[in-house]
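Asks: Based on what follows, work out the 3D shape:
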Amino acid sequence: MVVVPKTGIRWSVAQVYDDLSGRILTGQLRPGEALSETKMAVHYGLSRTPIRQAFHRLSVEGLLSIVPQVGSFVAPIQLSAVRDAQFVRQTLECRAVRSAALASGDEKERVLNGLLKEQAKIIARRDHYGFFSSDEALHRALMEIAGHPHVWDFIALIKTQLDRLRYLSLESQEWLEMIFHQHEQLVKCVLTHDADGAVALMETHLHSASLALEKIAVDHAEFFEDSPRPPRGMPLKPF
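Replies: Numbering: from 1, shown residues only. Presented below is the predicted three-dimensional model:
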């Protein structure tokens, strides 16, 4: 590890990976954006070798495309992986939300209403990063109420590409408010023990990712692998 000039932060390969993967996941680094080993080495205060190691790990996980003799680019969002994650989420979460709606106990009302209040405050300050985290917490809470506290961890492992799409969609305040309204309806069904209504709303809620894909693809087809229409070209401006 080397001390980064000006900041004093000591970076490891794992920390560089975590930092870059987080910025790719949240859309701070856009699909197609070029990443220079040399510039990243300067940025993190490291030699090119650990940067290359971090790049390799990002490539293995489908977040970075390394083109020999050309350069490294933030990988496009993989539509096949998005669809697979959607299938897994719908299969597991629709079944879980039925169990959550049928579950008894006052604790679930406190937890779910608390998360909704938190989300309302997050929306008011237009914090889409904070909303994403709170959205994750709500879905995890529903899984825990259903009696399957570890299933959400499994879901999280396979939804990286889907999450990249979700972050992009939440950049729209209108879209964010729509998702919050769905959360309110979903929680109402769970708290009133309306299992069928909860399942129907969860299906609609999870289908929103497909609608987001269609919306984003209109203006940014180049963000996706196997895009619905031909890419308009890859931006090559180095980070």
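
Asks: what sits against the residue most central in space within the chain?
Replies: Centrality entry for the chain: nearest residue to the mean C-alpha point is D163, 2.2 Å, by CA atoms, centre = their mean. D163 sits next to L25, F132 when contact means CB atoms under 8 Å, 6 or more residues apart in numbering. No exception for glycine: its C-beta is placed from N, CA and C like everyone else's.

Asks: Give me the distance between it and K215.
Replies: Distance of D163 to K215, computed by CB to CB, to the nearest Å: 17 Å.

Asks: K121 now?
Replies: 26 Å.

Asks: more crowded one of the two?
Replies: K215 (15 against 11; other CB atoms under 10 Å).

Asks: and that one, helix, strand or coil?
Replies: Reducing the assignment at K215 to three states with DSSP: H, G, I helix; E, B strand; the rest coil gives helix.

Asks: ditto for L29
Replies: coil.

Asks: count of neighbours near it?
Replies: L29: 20 neighbours (other CB under 10 Å).

Asks: As a check, name the ranges of all helices in this protein.
Replies: Ranges of helices within the chain are 13-25, 37-44, 48-60, 79-102, 107-124, 128-145, 151-157, 160-169, 173-191, 195-219, based on DSSP state H.

Asks: now the angle from the fourth one to helix 107-124?
Replies: When you say that, I think you mean helix 79-102. Counting by axes from the mean of the first three to the mean of the last three CA atoms, to 10 degrees, helix 79-102 lies at 130 degrees to helix 107-124.

Asks: picking that back up, any idea how far the residue nearest to the centre of the chain is from L25?
Replies: From D163 over to L25 (counting by CB to CB), the distance is 6 Å.

Asks: How about A195?
Replies: From A195 to L25 the distance is 33 Å (CB to CB).

Asks: what's the answer for W175, then?
Replies: Distance of W175 to L25, computed by CB to CB: 18 Å.

Asks: ok, the closest residue to L115 other than its chain neighbours - contacts?
Replies: Take L115 and drop its neighbours on the chain: the residue closest to it by CB to CB, 6 or more residues apart in numbering is L138, 4.8 Å away. Counting by CB under 8 Å, 6+ apart, L138 makes contact with L112, L115, L116, Q119, H183, V187.

Asks: Contacts for stretch 110-130, please.
Replies: Against stretch 110-130 from outside (CB under 8 Å, 6+ apart): 26, 131, 134-135, 137-138, 141-142, 145, 167, 170-171, 173, 176-177, 180, 183-184, 187, 190-191.

Asks: try 10 Å
Replies: Residues outside stretch 110-130 that contact it (CB atoms under 10 Å, 6 or more residues apart in numbering) are 26-28, 100, 105, 131-135, 137-142, 144-145, 166-173, 175-177, 179-180, 183-184, 186-188, 190-191.
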